[in-house]
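Visitor: Make a model of this:
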Amino acid sequence: MMGNFQALDIGLGLMFIYLVLSLVCTGLNEFAAGIFQRRRRNLLKGLEFILTHTPNSNAVENFKNHPLIKSMYGNKFQASYVPPHIFSTVLLDLLPKADPQTPTTMQDIRQVITPPQTPGQASPPSMLYETLRVLANEADNNMTQLKKNIEAWYNEAMVGTSGRFRARTQAIVFVIAIIVAFGTNADTFEITKTLSQNSSLRAMLVAQTEQLKNGASDTTIPTFTLENLKKTGLQLGWETFPPPIADLGFKKFMGLLITAIAISLGAPFWFDLLKKVANVRAGSLSPDEVEKEKKKSRSTS
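Guide: Now for the predicted structure:
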């Protein structure tokens, strides 16, 4: 069987190694995101973009210091997400009104967002107030509908903020992937060569893919560690670090770069692809070969 499916098994082994390394990248990225509070900072940038288009330059600070926000997220505002209904409630409550102790009415909102009619009058229009005026007109003086309009607008604004966050995250993940690939010396060319020459390693990795296929999830850290891989003959890591310049030729560089690009695609990508290829492989086996594979899987696990 292995003669007929050797190329497929090499591919499965390579995908499994990419999956393990991708999980390492995910863990490092989550650690960095927590240390540098990237999600919180991203939310603050989104709020700043929305709220600072107002004559009040302290809009973001006022938002963070609102009693409702402080009661939910603390004095230091550790939030990475503010629900739309909370945003609309706080935003409307922060608008200037005659009596700060009373609920905000449509009349209060109209007085704030209506452009001045007298030439040279103070209170210059802002993008935020212009947006609220449009949303209020669409709501037809219905406060409930206005809040829904604000929530929909907030969601759309946050979509753009989230897109920029994902783009920055992907760039960070790629840098981490380069570090992981280089640090583990995970050269795709050398790994492929080892898999093609080491049948026991192929069998062991195929057995691991079967375990993943039968009930594991992409968030489950495989119990088959890189140390186990090294014991089978797979060359990971460097004999000396930093490695000699002579060991870093063009082929080595390209092998490490291919690995970095591959593992930057993420664990979910490799988990799904690995399961599909494993299903194709299993569907290509005869009943006798399936039984042999089960016995081999038990013996290598």
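Visitor: Just the pLDDT for the residue lying closest to M254 once chain neighbours are set aside.
Guide: Nearest residue to M254, sequence neighbours excluded (Cβ to Cβ, 6 or more residues apart in numbering): F189, at 7.5 Å. From N, CA and C alone the C-beta is placed, and that goes for glycine too. On pLDDT, F189 comes in at 94.
Visitor: Surely F189 touches F253?
Guide: No - F189 sits out of contact with F253 when judged by Cβ atoms under 8 Å, with a separation of 10.6 Å.
Visitor: Can you say which helix or strand has the residue nearest to M254 in it?
Guide: helix 188-197 (DSSP states H and E).
Visitor: mind listing what's buried in that helix?
Guide: Buried residues in helix 188-197, counted by 16 or more other Cβ atoms under 10 Å: T188, E190, I191, T192, T194, L195.
Visitor: Repeat that for stretch 135-147.
Guide: L135, A136, A139, L146, K147.
Visitor: Okay, buried residues for stretch 86-93 please.
Guide: Buried residues in stretch 86-93, counted by 16+ other Cβ under 10 Å: I86, F87, S88, T89, V90, L91, L92.
Visitor: So which of these are in helices?
Guide: Among the buried residues of stretch 86-93, DSSP state H puts I86, F87, S88, T89, V90, L91, L92 in helices.
Visitor: For the last one, give its distance to P242.
Guide: Using Cβ to Cβ, to the nearest Å, L92 is found at 58 Å from P242.
Visitor: any residues touching stretch 155-175, and which ones?
Guide: 25, 29, 32-33, 38-39, 42-43, 45-46, 49-50, 84, 260-261, 264, 266 (Cβ atoms under 8 Å, 6 or more residues apart in numbering).
Visitor: Tell me the buried residues in that stretch?
Guide: Quick answer for stretch 155-175 (16+ other Cβ under 10 Å): A157, M158, T161, S162, F165, T169, I172, V173, F174.
Visitor: Repeat that for stretch 234-249.
Guide: Neighbour-count burial for stretch 234-249 flags L234, L236 (criterion: 16+ other Cβ under 10 Å).
Visitor: starting at the chain centroid, how far to that stretch?
Guide: Here stretch 234-249 is found 31 Å from its chain centre; the criterion is Cα atoms, centre = their mean, to the nearest Å.
Visitor: now swap in stretch 146-153 and tell me
Guide: 27 Å.
Visitor: Quick one: residues in contact with that stretch.
Guide: Under the criterion Cβ under 8 Å, 6+ apart, residues 84-85, 87-89, 91-92, 106, 109, 131-132, 135-136, 138-139 lie in contact with stretch 146-153.
Visitor: I'm done for today, thanks for sticking with me.
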